[in-house]
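J.: Sharing a sequence plus its predicted fold:
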Amino acid sequence: MENTLKFLSYQKDCRIVVTDGTELALASLRQFRGGIAAKTFLKELITTSVLFSGISDFAAKTSVTFKIDQELTASCTVQQEQVRIEYSPMFEKIRESPEEKLTMRSTLSVTIGDFSGLHTSAVLAQKGNVSNVFNFFAKQSDQIPAEFILSEVNPSVGFVMQPLPFADNDNLKKLKNELMACLQQSDQANGWELGRVFGDVGRQLWCKKVE
């Protein structure tokens, strides 16, 4: 079943990608033997990587690497709707959240491979969760900033908003409130479907199965 959808707002001023990577994370981390906090971090990395790739319609190979320190590194690659997560052995040994180990030397880097070659951008990973670091990256590295928001209940569910340059701030605030309400509804649902919960936020452009 499709687990990722892209919309264009009815005002045609904002791109939206929504994903439910619950089954994807379950399959990708089936062999993971670490603690809950580290596993949650990796789930967030998978979700934000899928959302980031979805903005560009999965047209290019995207590799996202979180280097917390010399021993803690995780990488998520998305290519043609296929996801691969890799992480250093230390992720299975720590019991605290990897986010607590972020320092001023921690980095988030994104490499995009397309017909013109490889393009890498990197930022220092500030204190905060994965989606906050992605938001910082989007503001620093992307011509059109984007906002990533994940569910507080299920880190495999979330959305990204990418306003176009002419977007009206009042419309964006209203749209964000609608998306947050949908996200809250998905937290309370059992076996919910993306199209049913988020179907009224804009005109659907596509739905895909990312695995």
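T.: Now that the structure is in, tell me what you want to look at.
J.: who does whatever helix or strand Val18 lives in pair up with?
T.: Secondary structure from DSSP states H and E places Val18 in strand 14-20. According to DSSP bridges, strand 14-20 has the following sheet partners: strand 4-8 (antiparallel), strand 157-163 (antiparallel).
J.: Out of those, which gets nearest to Thr111?
T.: Among the strands paired with strand 14-20, the nearest to Thr111 by C-beta to C-beta is strand 157-163 (18.8 Å). For the C-beta atoms, the positions are set from N, CA and C on the backbone; glycine is no exception.
J.: Could you list the residues in contact with the closest one?
T.: Residues from elsewhere that reach strand 157-163, judged by C-beta atoms under 8 Å, 6 or more residues apart in numbering: 13-22, 47-48, 51-52, 54-55, 131, 144-151, 172, 175-176, 179, 182-183, 186-187, 198.
J.: and those, which of them are in strands?
T.: Cys14, Arg15, Ile16, Val17, Val18, Thr19, Asp20, Glu147, Phe148, Ile149, Leu150 (DSSP state E).
J.: among those, which two are most distant?
T.: Cys14 and Asp20 (20.2 Å).
J.: residue nearest the centroid of the protein?
T.: Thr48 (1.1 Å; C-alpha atoms, centre = their mean).
J.: contacting residues around the closest residue to that one other than its chain neighbours?
T.: Leaving aside its sequence neighbours, Thr48 sits nearest to Phe134 (C-beta to C-beta, 6 or more residues apart in numbering; 4.8 Å). The neighbours of Phe134, taking C-beta under 8 Å, 6+ apart as the test, are Thr48, Phe52, Leu108, Phe148.
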